[in-house]
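Asks: just need the structure, nothing else, for what follows:
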Amino acid sequence: MVKVLALVILLIPYTLFAELELKTQNTNITLLQNYNDKNQTKEYLYNYDRLRFTLDWKDNGYFSTVIADGINYYGNKYVESELFEYQKTLRSDTPFKTQTSFMDYNGGSTYAKVYRAYGGYEDEVNRVVVGLQSITMGVGRIWNPTNLYNPKNIYALESDETYGVVGVLYTRYLDDTSHLSAIVSQNEADKFRYAMRYQGFLEVADFALDAIYSDETKMIGYEVDGSLESSGVGVRSEGAYIESNNTRFFQGLVGADYGFEEGLTLVVEALYSSKTFTAKEISENLDSEILPNLVSSPLYVALSLSSPLTIYLDASFIYIESFGGEQSRFLSPQLTYTLNDYNSFTLGVMVNDVENKKKYNGDSSTLYFRWDLAF
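Replies: Sure, this is the predicted structure:
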């Protein structure tokens, strides 16, 4: 797998008349974070900076993308904390290293990583992608129980930033509304995971059937995404039956969204899990293939609102409440000011309130200011 990836990434770009585009983006976030540690609050003020280079290449159906990051944390108290020590252990589950070791300096720590590196070919009926890539499944806006590859983490500051998967993704377009995908991926232990996905269209909705198999995990799932005729209300559902290490459970969601004429968008989503997990079970399974599916309550309900306030200013708000099990709630309001095509500024708050703070550690609140610069 590693040799195939190297061949794709290194050999494809050697075409004289290919389309080659280099994009650079810098994301700088200053955070004031109150972290609850067994009912004791610890406060950290630190800065996170990510310089990202994206190189895209295309030529006659062939393509490749390489995304590389340079990441820096600055804040003496934070980089010396147990919270940051845990952060340093998080890495992609791939057969080769995708990031360097952390280099500590006075008051900070820095490292570099390859975020994505893949190449492939596409024509009217076929698409194949090989390398470190993002594999998407599911139709949920807040949660994705069917996606055991790159699930979003709505509780994270950058919920769409996910670790890449090393694998081969082949898609066969059967007609204008349906296609069949096959996936083979490899992890750090050189074990393989296999998946199949069929997506089609019924008279009122798109639907998909998913299946994932590995030595550790088996999953079958469904996805439905449609609208209620002329009402403008979008509705969706996805669900997965999962078997992993002698644990069997179902997890599914239903959701709806509606866009008002004034620009306001409302999203409602509910997640159900037939099995819940204790804090000890979650902490003992941090390397599990189904870690994002290990939840502590049987039911979660989320409400999301977003709206432009002016031509430059946008507002959004997310609220999540759990029911049954370990009670918790999460809320995140934010304002984004877009100065121009190159600069945007975001001010936001994230509050994660856990009822039983002695059992469940976590961020109790985070105030952040973000500056995105593209050049």
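
Asks: next up, the contacts around the spatially most central residue of the chain.
Replies: The centre of the chain sits closest to K152, judged by C-alpha atoms, centre = their mean, with a distance of 3.0 Å. K152 makes contact with I142, W143, N144, S159, D160, T162, according to C-beta atoms under 8 Å, 6 or more residues apart in numbering. Heads up, the C-betas are built off the backbone N, CA and C, glycines and all.

Asks: 10 Å instead?
Replies: By C-beta atoms under 10 Å, 6 or more residues apart in numbering, the residues touching K152 are 136, 138, 140-144, 158-162, 292.

Asks: mind putting these into a markdown table with distance to V130, secondary structure and pLDDT?
Replies: Below are the contacts of K152 laid out as a markdown table (distance: C-beta to C-beta, whole Å; DSSP: H, G, I helix; E, B strand; the rest coil; pLDDT from 0 to 100):
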| residue | distance to V130 | secondary structure | pLDDT |
| --- | --- | --- | --- |
| T136 | 17 | coil | 90 |
| G138 | 23 | coil | 95 |
| G140 | 27 | coil | 95 |
| R141 | 29 | coil | 94 |
| I142 | 31 | coil | 95 |
| W143 | 29 | coil | 95 |
| N144 | 23 | coil | 95 |
| E158 | 26 | coil | 91 |
| S159 | 27 | coil | 88 |
| D160 | 23 | coil | 87 |
| E161 | 22 | coil | 92 |
| T162 | 19 | coil | 93 |
| P292 | 25 | helix | 91 |
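
Asks: quick one: low-confidence parts of the chain?
Replies: Applying pLDDT under 70 to the chain flags the ranges 1-18, 38-39, 355-363.

Asks: all helices of it, in order?
Replies: Secondary structure of the chain, counting by DSSP state H: helices at 2-11, 76-79, 82-87, 279-283.

Asks: I290 versus G70, what's the distance?
Replies: Separation of G70 from I290 (C-beta to C-beta, to the nearest Å) stands at 32 Å.

Asks: go on, T27?
Replies: 29 Å.

Asks: so these two - more neighbours on which side?
Replies: Counted by other C-beta atoms under 10 Å, T27 and I290 do not tie: I290 has more neighbours, with 22 against 18.

Asks: once you drop chain neighbours, what's closest to that one?
Replies: Spatial nearest neighbour of I290, excluding adjacent residues (C-beta to C-beta, 6 or more residues apart in numbering): S244 at 5.0 Å.

Asks: and what of L132?
Replies: Taking C-beta to C-beta, 6+ apart, and ignoring the residues beside it in sequence, L132 has G164 as its nearest neighbour in space, at 4.1 Å.
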